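*Asks:* My questions are about this predicted structure, shown below with the sequence.
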Amino acid sequence: MEIQLWREILIPYELAVKELVLNFEHIIIESRSKGIYSPIEQVEGRVKKISSILDKVQKKKIPMDQFEERLEDIAGIRITCQFAEDIEKVVHLIRERNDLEVKSEKNYIDTPKSSGYRSYHMIVYYTVNTLNGPKRLQVEIQIRTMAMDFWATVEHSLQYKYKGNIPEHLNQRLLNAADAVVALDKEMSTVRNEIMDAQNSFQIKANVVATILTNIQNLYKVANKREVVKIQDEFYRVYEEGGLDQLIHFSVQLDHIAEGYRAQETN
Ligand code: 0O2
């Protein structure tokens, strides 16, 4: 097939990857702005390289006119989570989305591969709008913890280095490391609630401070400068000495003051 034709075929897959990465990143943004914990920590995506498509097509003896149908991972999205429990939440989120239709799922977490590989895979259908109209594509979504991702990245590099024939002593090390990943994920799960609380408070504090600063900035436009400076000093004091509750209280009071000025302006 001509190189130019390959590029044309792959363009809708590039669009699908871009759109889906953006959509999943928005779940993180939305959660943070609401001060709630996001089960998604990071999202990345890629379109399979032409050379890797050719390798897989040859390996699986797929006729060239069937490769789009038979290769399910031309477009790939990888979602990393902090904790193993988050994976289930993300799977649920994906199943519930009305822009995605789940074709199949593989749970390599409950049933790891013989290599020690662990991850949750979903093949979904997703429609992009192209110059030639809508195109329904298959996308592979891999969902794993950060620890599982670390293991898979290292193992993938070794597979590449040894062309799929990793020496036995290294294989054994990788299996040991895979067990260590299971233990690490379990250990981290025991402190999940505490970590989630800490991260939520951090996010809520960041949101409250941002609201306070916007309010102070707006007051400069309408209120007496000396009064705003006093409010600002009070904010610094509460920020330094108080906890989250005091900051929230200060923010509510500031909202009332700002409201008062807005009411004066409209009268
Ligand atoms: P790349 O370079 O990441 O794109 P199957 O026909 O079901 O046996 P298939 O179609 O490859 O095999 O599906 P599977 O097993 O669900 O694997 C799909 C992808 O999962 C792989 O894509 C890898 O990204 C990842 N994966 C699967 N097994 C392993 C493993 O043992 N180690 C690592 N590091 N990753 C794995 P590709 O095309 O193989 O590779």
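*Replies:* Now that the structure is in, tell me what you want to look at.

*Asks:* From here on, just use CA atoms for contacts and neighbour counts.
*Replies:* OK.

*Asks:* Could I get the full set of helices for the protein?
*Replies:* Counting by DSSP state H, the chain has helices at residues 3-34, 50-59, 67-70, 84-96, 146-161, 168-190, 192-222, 225-241, 244-266.

*Asks:* Just put those in TSV and tack on mean pLDDT and mean neighbour count.
*Replies:* Listed next are those as TSV, based on pLDDT from 0 to 100; neighbours: other C-alpha atoms under 10 Å:
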stretch	mean pLDDT	mean neighbour count
helix 3-34	92	16
helix 50-59	92	13
helix 67-70	94	14
helix 84-96	97	17
helix 146-161	96	16
helix 168-190	95	14
helix 192-222	90	16
helix 225-241	93	14
helix 244-266	89	14
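
*Asks:* okay if I get these as a markdown table plus distance to the ligand?
*Replies:* What follows is the helices of the chain, written out as a markdown table (distance: least, C-alpha to the nearest ligand atom, whole Å):
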| stretch | distance to the ligand |
| --- | --- |
| helix 3-34 | 14 |
| helix 50-59 | 7 |
| helix 67-70 | 9 |
| helix 84-96 | 15 |
| helix 146-161 | 4 |
| helix 168-190 | 10 |
| helix 192-222 | 26 |
| helix 225-241 | 46 |
| helix 244-266 | 43 |
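
*Asks:* Would you mind saying which of those lies nearest residue 121?
*Replies:* Ranking those by proximity to residue 121 (C-alpha to C-alpha) places helix 84-96 first, at 9.2 Å.

*Asks:* between that closest one and helix 168-190, how many degrees?
*Replies:* 80 degrees (axes from the mean of the first three to the mean of the last three C-alpha atoms, to 10 degrees).

*Asks:* Please shift the residue numbers so they start at 33 in all later answers.
*Replies:* Shifting the count to begin at 33 puts that one at helix 116-128.

*Asks:* Can you spell out which helices and strands pack onto helix 116-128?
*Replies:* strand 165-177, helix 200-222 (3 or more C-alpha pairs under 8 Å, 6 or more residues apart in numbering; DSSP states H and E).

*Asks:* what mean pLDDT does the first one have?
*Replies:* Looking back up the chat, that one is strand 165-177. On average, the pLDDT along strand 165-177 is 97.

*Asks:* That one: partners in the sheet, and parallel or antiparallel?
*Replies:* Pairing partners of strand 165-177, with direction, according to DSSP bridges: strand 107-113 (parallel), strand 152-162 (antiparallel).

*Asks:* Please tell me how far that strand is from the chain's geometric centre.
*Replies:* Offset of strand 165-177 from its chain centre (C-alpha atoms, centre = their mean, to the nearest Å): 14 Å.

*Asks:* what residues does it touch?
*Replies:* 44-45, 48, 101, 104-116, 119, 122-123, 150-161, 217 (C-alpha atoms under 8 Å, 6 or more residues apart in numbering).

*Asks:* do that strand and the ligand meet at all?
*Replies:* No - with C-alpha under 6 Å from any ligand atom as the measure, strand 165-177 is seen stopping short of the ligand, the closest distance being 7.3 Å.

*Asks:* relative to helix 178-193, how tilted is that strand?
*Replies:* Going by the same axes, to 10 degrees, strand 165-177 makes 110 degrees with helix 178-193.

*Asks:* Only C-alpha atoms, please: export strand 165-177 in CSV.
*Replies:* C-alpha atoms of strand 165-177 as CSV (Å, rounded to 0.1, in the frame of the first residue of the first chain):
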residue,chain,number,x,y,z
GLY,A,165,-18.7,11.7,6.9
PRO,A,166,-18.8,9.7,10.1
LYS,A,167,-16.4,6.8,10.6
ARG,A,168,-16.9,4.2,13.3
LEU,A,169,-13.5,3.0,14.6
GLN,A,170,-12.2,0.5,17.1
VAL,A,171,-10.1,1.8,20.0
GLU,A,172,-8.3,-0.2,22.6
ILE,A,173,-8.4,1.3,26.1
GLN,A,174,-5.8,0.0,28.6
ILE,A,175,-6.6,0.8,32.2
ARG,A,176,-3.9,0.1,34.9
THR,A,177,-2.4,1.4,38.1
